[in-house]
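# build me a model:
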Amino acid sequence: MSGPTQERPQDLDRHILRRETHSARSGAAVIAAFVVAVAALYFMLESMLAALGQPTWLASPGMMLQWIADLPGDTPRALLAAAGVLLALFGLIFLCHGILPGRRARHIISHPRVAIVVDDEVVASALAKTARVAAGVTREQVMVVVSARQVQVNVRPTSGIPLSESQIQGAVEAQVADMGLNPVPSVSVKLADSGVIGV
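Numbers count the residues shown, from 1 in each chain. Below you'll find the predicted structure:
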């Protein structure tokens, strides 16, 4: 009998699948920690120099706080605006990185016994072949883009040969269903207005 702290296989599979389909936050965390550490070391250095009566390296913490309190002062408005936009941009990037799921370009293939993760490029290649066979065109005439929730199939028909958009979409949707992708993407097919000359 497994103990209460032992992780069940289903939970372990779920954890592995999530780790393989979502990007880690370690990169942003390392950058944030580095910036905070550098700022803390700098303030500690300036505080030590001020306590020893030595000249400041750049500016003492008191001078910095006074400069911030006196803003805008004689500081150029354009410089302040640029700095504000830059800080807001960095803050937005870190905020989005922390809140958004950060999905990798991968899908899970449902299977009762094993955990299967496949790259979206592999899925796109398989679906492009299905669309190509359904449309009766060459490899260069089909382009498939796979995202987390959508499959976009772009087909350039051969001039003079009409194609059925619904037939291509049905074939691709059937292939998506056979793959058992999770999450299940919707399929949309777009036929180009201009065709290519057949050989």
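
# do a quick rundown of the strands in the chain.
Assigned by DSSP state E, the strands in the chain fall at 106-109, 116-119, 142-146, 150-155, 181-182, 186-191.

# same list (those strands) but as a markdown table, adding mean pLDDT, distance to Met48 and mean neighbour count.
C-beta coordinates here come from the backbone N, C-alpha and C atoms, glycine included. Shown next, in a markdown table, are the strands of the chain (pLDDT from 0 to 100; distance: least, Cβ to Cβ, whole Å; neighbours: other Cβ atoms under 10 Å):
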| stretch | mean pLDDT | distance to Met48 | mean neighbour count |
| --- | --- | --- | --- |
| strand 106-109 | 72 | 50 | 19 |
| strand 116-119 | 77 | 51 | 14 |
| strand 142-146 | 92 | 56 | 20 |
| strand 150-155 | 92 | 57 | 20 |
| strand 181-182 | 79 | 56 | 16 |
| strand 186-191 | 91 | 61 | 16 |
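
# in this protein, what helix or strand scores lowest on average pLDDT?
Lowest by mean pLDDT, DSSP states H and E among the helices and strands of the chain is helix 9-21, with a mean of 53.

# roughly how far is the lengthiest helix in the chain from the heart of the chain?
Scanning the chain for the helix with the most residues, using DSSP state H, yields helix 26-51. Remark: helix 26-51 is offset 29 Å from the chain centroid, using Cα atoms, centre = their mean, to the nearest Å.

# adding distance to Ala29, write the strands of the chain out as CSV.
CSV is the format used below for the strands of the chain (distance: least, Cβ to Cβ, whole Å):
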stretch, distance to Ala29
strand 106-109, 22
strand 116-119, 24
strand 142-146, 29
strand 150-155, 31
strand 181-182, 28
strand 186-191, 34
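
# what about Glu46, neighbour count?
The number of residues packed near Glu46 is 20, by other Cβ atoms under 10 Å.

# ok, now which ones touch it?
Going by Cβ atoms under 8 Å, 6 or more residues apart in numbering, Glu46 touches 56-61.

# go again with 6 Å.
Contacts for Glu46 were tallied using Cβ atoms under 6 Å, 6 or more residues apart in numbering; they are 56, 60-61.

# ranking those by neighbours, who comes first?
Ranked by neighbours (other Cβ under 10 Å), the contacts of Glu46 are led by Ser60, which has 16 neighbours.

# from what I can see that residue touches Ala50, true?
Yes. Applying Cβ atoms under 6 Å as the test, Ser60 and Ala50 come out as touching, 5.0 Å apart.

# which residues of the protein score low on pLDDT?
Across the chain, the ranges flagged by pLDDT under 70 are 1-28, 97-98, 100-105, 107, 110-115, 195-196, 198-199.

# pull the contacting residues for the residue of the chain most remote from its centre.
Distance to the chain centre peaks in the chain at Gly53, reaching 50.2 Å (criterion: Cα atoms, centre = their mean). Residues near Gly53 by Cβ under 6 Å, 6+ apart: none.
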